[in-house]
Structure formats: C-alpha cells, structure tokens
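> Need coordinates for the below:
(2 chains)
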Amino acid sequence: NAGVMQNPRHLVRRRGQEARLRCSPMKGHSHVYWYRQLPEEGLKFMVYLQKENIIDESGMPKERFSAEFPKEGPSILRIQQVVRGDSAAYFCASSAGAAKTGELFFGEGSRLTVL
Amino acid sequence: GENVEQHPSTLSVQEGDSAVIKCTYSDSASNYFPWYKQELGKRPQLIIDIRSNVGEKKDQRIAVTLNKTAKHFSLHITETQPEDSAVYFCAASKGSARQLTFGSGTQLTVLP
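Model (predicted):
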C-alpha cells in the first residue's frame, strides 16, 4: 500500500510564474490536507478537501492560492504569480475519513523555491 | 481558533538521559493530540498520540501525558539514543475533523 505521493519533490520557479503541486492520497483515503512549512518553522494548515469539495480553506491565503481534489486524479495545490515568500515545503496528508480515528499520513513534501 | 505553544525550541541531552517536551493548547474542545517526529528534509511521522479520554499513553521509550484541566500535554522520551535526534512537533485538533494545529517544534539533539 503506497503512502501519500507528492510531486514534484522539488520545484524551482521565478517570481510571477505558476506552481502546481500534486498529491495522491493513500489508497482508500478520501480526505486530503495541505500544510505549509516555512524554513525552521512548524506546519501551518492551509486547506482540507474531500473529493470534489473544499471542506475548510481557512488557512489558505485569499489571493493566488487555490486547491482542488477532483473526482479523478490527484489533489492539486496551485500558486499563481509566485513570490519569494512562497518558498517553503508544502506537505500533503491524507486520512481515511473525518469520522475515523486514524492518523494523518504525510507525504514527503514538495519543496518550492522561488528565485 | 486553536493556538498551540511548544517548549523548549531546542533541547540537548546526553545519550541515555530523558527528554521532555511540553505543549499547551487554548481550545478546550480539542480532543486529539498527536506528536510527530521530523528528520531533516523528511516528512513528519506520527510517533504517538493521545485522546482526551486518556491521561497517559506509553509506547516503549515514548510516553505522552495529558492534563485537560490545565490544557497541556507532554512528550517524554526515556533512554534517549542519537537516532532520536530530530525536530518534534506537537499538535491538537478537535471534533471529527483532522485539521491539526501544530506547535512550533523542538529540535532535540542527543549527544553521544
């Protein structure tokens, strides 16, 4: 059973470009969470999605950031017009369901560097 | 919203000694408290968790205690080994959701 898969693992973008980060949850998991980790800081919740639904996006910046989890395919975190402050590690996590008592399983992260 | 504070930010111990990391939370409705270990450049990995209906949980050299009245919980690592060196994060969540609010992390260094 493969774990949470994230790609790309490393992404370099110039200011103003777009970044797309992908996350495939663990098999059987239908809940996806995105967290951002700035250098030498803790993880900050960004958004919680289920298939085709955004459940909680309270941690997502109001502009330039969007997330989706389509019926088919991975969840995507999209950052438009990136700025240097977007440089961070973006971790995706999945769980079996909100009603379950299972843990969150994290992917290896996507490290975005904005030049 | 929930606020989780974690102390200390750095901790150095001699191999074989114990390490204790403490966290406080603000939302009395929080009921799930996991601890994650993150090695440099790696993903956070769950090492132990505790729910609000339990005061203490132990797994080999690792234990977590929870004081709901004081709203704080602690991680205890006994007989530390160099491979325990990592950043440790506490977290809290409430209800049926799994959005976690993380502490700021503790860099644990076990000196050989």
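> Contact residues of chain B facing chain A?
Chain B has residues B:1, B:6, B:34, B:36, B:42-46, B:49, B:51, B:89, B:96-105 near chain A, with proximity defined as C-beta under 8 Å from any C-beta of the partner chain. Every C-beta, even on glycine, is put in place using the N, C-alpha and C of the backbone.
> which among these end up buried?
For the residues of chain B next to chain A, a burial check counting by 16 or more other C-beta atoms under 10 Å in any protein chain shown picks out B:6, B:34, B:36, B:43-44, B:49, B:89, B:97-105.
> which one in those residues is the model shakiest on?
Checking pLDDT across these, the minimum falls on residue B:97 at 57.
> what does chain A put close to chain B?
Residues of chain A lying near chain B (C-beta under 8 Å from any C-beta): A:31, A:33, A:35, A:41-45, A:48, A:55-56, A:58-59, A:91, A:95, A:98-99, A:101, A:103-109.
> Kindly recompute the last result at 6 Å.
Contact residues, chain A versus chain B (C-beta under 6 Å from any C-beta of the partner chain): A:42, A:43, A:45, A:48, A:95, A:98, A:99, A:103, A:104, A:106, A:108, A:109.
> Which one (most neighbours) among those residues?
When neighbours are counted by other C-beta atoms under 10 Å in any protein chain shown, residue A:43 leads the residues of chain A next to chain B with 29 neighbours.
> pLDDT score assigned to residue 93?
Since you didn't name a chain, this refers to chain A. We note a pLDDT of 92 for residue A:93 in this prediction.
> Sorry, I should have been clearer: chain B.
Taking residue B:93 on its own, its pLDDT is 87.
> Please give me every residue in contact with it.
B:32, B:99, B:100 (C-beta atoms under 6 Å, 6 or more residues apart in numbering or on different chains).
> In strands only, show me those.
residue B:32 (DSSP state E).
> Closest to chain A out of the contacts of residue B:93?
residue B:99 (5.1 Å; C-beta to the nearest C-beta).
> quick one, helices of chain B?
With DSSP state H, there are no helices along chain B.
> which regions of it lie under the pLDDT threshold?
Within chain B, the segments meeting pLDDT under 70 span B:95-98.
> What residues of stretch B:63-81 count as buried?
Under 16+ other C-beta under 10 Å, the buried positions of stretch B:63-81 are B:63, B:64, B:65, B:66, B:71, B:72, B:73, B:74, B:75, B:76, B:77, B:80.
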